[in-house]
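> sequence first, then the predicted structure, then my questions.
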Amino acid sequence: MSFVGSVLQILDRVAPPRVAHAHCSIPCGLYDTAPSLMAAKTVLTMVQKIQALEVPGLNASKEQRQQHGQDVARMTLVKQEHALLCRREVVDVLWAQFFKPEHLQQAPNLHDLVWGTAKLSTQCSQQVNLQAAEQLVQKVQEIAAIYDKVGGQHPGR
């Protein structure tokens, strides 16, 4: 072992490093439910817009059919991206980094709520399903209410 390695080992024993946890790999302590809620609402909006699109009739021009296809493709892509973003924010940020065991004591349904929200996010990514998108928004709002209840802070508000 090198001299530097030996010194670092001794320092680790004298003053062990603390583990830092944060969503951005820097212990900033900034968490918020706004990104997950915005993502869920975007999913709902895209589903509503896709379902509201008028399907070109038999006499539609090639350009009208292409435009419809492009509109559906763009909205579907945005819906999928935001469904995945919602899942990431709920699971990877709030669940894995913010919520702690004591929060489960205050909200015993939190584990099932996060698990169900993750599954629903995946379903919303895969389907154009209005009911699932509405449920996703509702579940994220429930998580946000628990976040507020256990003392979560909203930076910049």
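Sure thing, it's come through. Note that the structure is a prediction, hence the values are computed from the model and not measured.
> please point out which parts of stretch 124-140 sit buried.
By 16 or more other C-beta atoms under 10 Å, the buried positions in stretch 124-140 come out as Cys124, Ser125, Val128, Asn129, Ala132, Ala133, Glu134, Gln135, Leu136, Val137, Lys139, Val140. Using the backbone N, CA and C atoms, a C-beta is placed for each residue, glycine as well.
> so where is this structure shaky, pLDDT-wise?
1-8, 11-12, 15-29, 156-157 (pLDDT under 70).
> distance from the stretch of helix or strand Gln70 belongs to to the middle of the chain?
Assessed by DSSP states H and E, Gln70 sits inside helix 62-87. Remark: helix 62-87 is offset 19 Å from the chain centroid, using C-alpha atoms, centre = their mean, to the nearest Å.
> show residues contacting the helix or strand that it is followed by.
Using DSSP H and E, the helix or strand that directly follows helix 62-87 along the chain is helix 101-106. Residues from elsewhere that reach helix 101-106 (C-beta atoms under 8 Å, 6 or more residues apart in numbering): Leu110, His111, Ile146, Lys149, Val150.
> check stretch 47-62 too.
64-65, 68, 71-72, 75-76, 79, 124, 128-130, 133.
> most widely separated two among those?
Spatial extent of the contacts of stretch 47-62 (C-beta to C-beta) is set by the pair Gln64 and Cys124 at 28.2 Å.
> could I have the buried ones of the contacts of helix 101-106 as ChimeraX selection syntax?
Typed into ChimeraX, the next command selects the buried ones out of those (criterion: 16+ other C-beta under 10 Å):
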select :110,146,150
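> let's have the contacts of helix 101-106 in TSV, adding secondary structure and distance to Met38.
Formatted as TSV, these follow (DSSP: H, G, I helix; E, B strand; the rest coil; distance: C-beta to C-beta, whole Å):
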residue	secondary structure	distance to Met38
Leu110	helix	21
His111	helix	24
Ile146	helix	18
Lys149	helix	20
Val150	coil	21
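> and the furthest pair within the contacts of helix 101-106?
So, the contacts of helix 101-106 by C-beta to C-beta: farthest apart are His111 and Lys149, at 15.4 Å.
> how close does Leu77 get to Ala39?
14 Å (C-beta to C-beta, to the nearest Å).
> who has more neighbours, those two?
A count of neighbours by other C-beta atoms under 10 Å puts Ala39 above the other of Leu77 and Ala39, at 25 against 11.
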